[in-house]
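[1] Just to be clear, the model below is a prediction. Sequence and coordinates:
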Protein chains: 2
Amino acid sequence: MRVKATDERTYLEAVFDKLGFSKQDGHLLADTLVDADLRGISSHGIQRLAWYRRMIKDGTIVPTKQPKVLRELPGTVLVDANQNMGQIAAHLAMNKVIEKAKKVGVGIGVVRNSNHFGIAGYYARQALNAGLVGIALTNTRPLVVPTNATQAFLGSNAFAFGFPASPHPFMFDGATAAVAGGKIQVADKKGQELPGEWVVDKNRDVVKDPKEAEDILATAAFSAGPQKGGGLVTLGGNKEVNANYKGMGNSIVVELLTGILAQGSISADTVKGKHDFSQFLFAFDPAFFGDPETLKKDATAMLNRIRGLKHVPGKQTWVPGDREYRYLKENQQNGVAVDDKTYEEITAIGKELSVEVPQSI
Amino acid sequence: MRVKATDERTYLEAVFDKLGFSKQDGHLLADTLVDADLRGISSHGIQRLAWYRRMIKDGTIVPTKQPKVLRELPGTVLVDANQNMGQIAAHLAMNKVIEKAKKVGVGIGVVRNSNHFGIAGYYARQALNAGLVGIALTNTRPLVVPTNATQAFLGSNAFAFGFPASPHPFMFDGATAAVAGGKIQVADKKGQELPGEWVVDKNRDVVKDPKEAEDILATAAFSAGPQKGGGLVTLGGNKEVNANYKGMGNSIVVELLTGILAQGSISADTVKGKHDFSQFLFAFDPAFFGDPETLKKDATAMLNRIRGLKHVPGKQTWVPGDREYRYLKENQQNGVAVDDKTYEEITAIGKELSVEVPQSI
C-alpha cells in the first residue's frame, strides 16, 4: 500500500513525542525516515520504527539523553551520542563539521556510543544544503565475509558522498558490501532467487535461495552465539580473482574511521555488550578550490557525458543518485510504499501509544 | 633480473640530475620509483622512467619549473604543479596538509596541472610518517567502462589509505577499477589468459586474451581518435546485478575530487590537450580522537582477527598492505625485479645521458 508522506511524518512525530524524545529530536528522526521512504530506500524508512521501539523498551536507547560534544579543534569534533539515536548525534556533529568547514575550509567529526542513524546520505545532504561537499560513514552489525573467509566479520558499512550537480546532486549512498541486506528481503518478498553473487554459505558457495540467505545474515548480525558461517560478500563478489579484496579494503577503511577511531565496538562486536555503532562525518567548502557555479556546471557536464555513453542494447547508463531522485519526485506525488508487515507493526505501535495511523491512499 | 635497490636509486638520481631536475626533486622522484619497486608494485617503479623521459622531450614536463601554492586556509591548500612531475607537487601539498592537520586537526589539498605522481600510497605514508592518517587520490588516463556502457570514460583512479597498525600500517593502495592495467601486462608476459572479469570488449563480453585486452586499453588510454570500445570494468565486475555501479560510484568520487575540483582535465579528457592529471590529499591527526598507541593497538587487533578468520581450505585470509610489506622486506634483501624490456630502456637512457646502469645481481 501507499501512504501520504505528510501523514507518515505526522504519525512519526506523534510517536516519537509519546516515546519521550524532544520535539526537535522527534522532528529530526521522523524526517530521516520519511526522507528514506521518499527516496525509495524503504529498508531505512518507517520499517525501522518497530526496531527503534524495541531498543527504547530494552534500554539500549534513552530518548531523553542528549549528545555531548567531548572535544573540539578548529577542524575536528568528537561527539558522544550518549545512548540516544544516531540521527541526533550525527546531525549535531555534521552541523559542527559544516561550521568548521566554513571557517577553516574542512572539518571532520566522529560520533561514539551511537546507534542506527538512518541513511548515511541524509548527512551528506546536510553538507550539500550548506553549499559544501559531504561524506558520512557508519559501521553496522557484522554481515560481511572478508576475502576467502567463511565467517561474517565486517559490517555492511555505509558510505555516502554528495557533490553539487544539476538537476540534482551526485549522491552515492549505500553499503560498501556488494549489496545491503535489505535487497535480500526484497527478493524474498517477491519470491525471486538471488540473481547475483550476494551471499555465500559456510563453504563460500553462492546462495540463491533468499530464505537461506536471510537466515545466514540474521544469525551473523544478531547472534553472539554459534554462527552458521557465510554472509554477504564484499564488493567484487565471491572470488579473489575478481578483486573482492578491494571491496574488503573499502569496508575496513570504514571500520577504522568509525568503530576504531571512536573507540567503540567494531562491527564484529556489535552483537554483544553495548550494541553501539560509530559514525564519521566529513565536509569541505568547494568554493575554496573554485567558483561553486563553475564546479557544479563541470560536474554536471561530466555526469551527463556518462549518462550519454554508448551502452549495451536494452540496458541503461546512469550515475549514482539518479534513481533516488527519480523516486523522490514520484513518491512526493504518489505517496510512499509501506509493506504489509510494516503496516501491521506501525498499527500496533499506533494503538499502544494512541497515535492515529496513516491511511492507505 | 634483479638489481640492488641502492644501485637503482643511484642510477635514477643521476638520470634526474642530467634531465634538469633539482637535487631535491630528483631525490624525491627516485625515491617514489624505488619505493614502488621495493613494494613489488613494478608497474609504478623504474619501468615508468622511459615514459617520463618522453614527456620531458615533448615538453609535457618541464623539470626546472617549481610547483606553486595558489591559495591557503587553515585547513586547505590548492597547489599548481606548474607542468612538472606530480610527485613534486603532491609531496609539497601533503607536507602542507600535514602541517594543517597538526594545527587544526585535519587538512586537505588539491593539486592541479599535475601529472603522474607514482604510487598514491607514497603520500598516504608521508602522512603516516608524521603520525597521521592519510589519503591520496589521483585521476588517470581513461580506461574504465561505467555500468552498462561500452566505452571507456573513467580513469582507473587510484585510492590510497593508510592507518597506523603493527607490525606495519594498514595500507590500501590501488586502482578503484577492478584491476589496474598493469595486471594485464603481467598476465601477457606470463602467457596466461585473464582469469577474471577484468576487461570487456565493445559488446561488453569479457576478454580473456591479454593481448586483445592490452590493445583495447592502449587505444582507450592514448588515442584521442576512434575507439575500439570496451575497457577495464569497475569493481563489481561486468554485471550490474553484481553491483558494479558501486565500483563506478567509487571511481566517480575520485573524478570529482581530482579533475573537477582542480578544474583540470577529467580522465576522459587526458588523451588530448594538456594531458594533465589532478590529485587530492587528505590527512587528520588520530591523536585528537584518542591515545595514538591505543588506536594503533585496537586497529592491529582487528586486522589480526581478520587474518585469523576461518577460511576456504587452501586459500589465505589477509588484509590490504600485507603483500606489499612482505615484498618490501624480501626486496630490501634480494633486490628489486626489473623486466627485460625495462632494462633495455634504462640501458638506452643511461647511454644517452652517460649514467652508469645498475648491474644484475
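    All right, it came through fine. Numbering: from 1, shown residues only, chains lettered A, B, ... in the order given.
[2] who touches A:Ile108 in this structure?
    A:Gly75, A:Thr76, A:Val77, A:Val97, A:Phe280, A:Leu281, A:Phe282, B:Gly105, B:Val106, B:Phe284 (Cβ atoms under 8 Å, 6 or more residues apart in numbering or on different chains). The way it works is simple: take the backbone N, C-alpha and C, and place the C-beta from them, glycine included.
[3] how about those residues in a markdown table, adding pLDDT?
    What follows is these, written out as a markdown table (pLDDT from 0 to 100):
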| residue | pLDDT |
| --- | --- |
| A:Gly75 | 98 |
| A:Thr76 | 98 |
| A:Val77 | 98 |
| A:Val97 | 98 |
| A:Phe280 | 98 |
| A:Leu281 | 98 |
| A:Phe282 | 98 |
| B:Gly105 | 98 |
| B:Val106 | 98 |
| B:Phe284 | 98 |
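[4] Mind checking which of those residues are in strands?
    If you go by DSSP state E, those have A:Thr76, A:Val77, A:Phe280, A:Leu281, A:Phe282, B:Val106, B:Phe284 in strands.
[5] Confirm for me that the fifth one is in contact with A:Lys96.
    So the one you mean is A:Phe282. No. A:Phe282 lies out of contact with A:Lys96 (Cβ atoms under 8 Å); the separation is 12.0 Å.
[6] list residues touching both of the two?
    Common contacts of A:Phe282 and A:Lys96, defined by Cβ under 8 Å, 6+ apart, comprise A:Gly107, A:Gly109.
[7] that older thread, which one of the ones in strands among the contacts of A:Ile108 sits closest to A:Asp35?
    Comparing these against A:Asp35 with Cβ to Cβ places A:Leu281 closest, at 16.9 Å.
[8] List the contacts of that closest one.
    A:90, A:93-94, A:97, A:108-111, A:123, A:134-137.
[9] The residues you listed in strands, which ones?
    Short answer: these in strands (DSSP E) are A:Ile108, A:Gly109, A:Val110, A:Val111, A:Gly134, A:Ile135, A:Ala136, A:Leu137.
[10] How about the second one: what's its closest non-neighbour residue?
    In other words, A:Gly109. Of all residues not flanking A:Gly109 in the chain, A:Ala93 sits nearest, at 3.8 Å (Cβ to Cβ, 6 or more residues apart in numbering or on different chains).
[11] what about A:Arg147, which SS state?
    If you look again at residue A:147, you'll see it is Thr, not Arg. The three-state label given to A:Thr147 by DSSP: H, G, I helix; E, B strand; the rest coil is coil.
[12] burial count for it?
    27 (other Cβ atoms under 10 Å in any protein chain shown).
[13] ok, it touching B:Thr317?
    Yes. Using Cβ under 8 Å, A:Thr147 is in contact with B:Thr317, at 6.9 Å.
[14] Any chance you could list what contacts the lowest-mean-pLDDT helix or strand in chain A?
    For chain A, counting by mean pLDDT, DSSP states H and E, helix A:182-189 ranks last in confidence among helices and strands (a mean of 86). Contacts to helix A:182-189, defined as Cβ under 8 Å, 6+ apart, come from residues A:42-44, A:193-195, A:198-199, A:210-211, A:213-214, A:217, A:339.
[15] where's A:Glu345 relative to B:Ile266, distance?
    As judged by Cβ to Cβ, to the nearest Å, A:Glu345 and B:Ile266 stand 47 Å apart.
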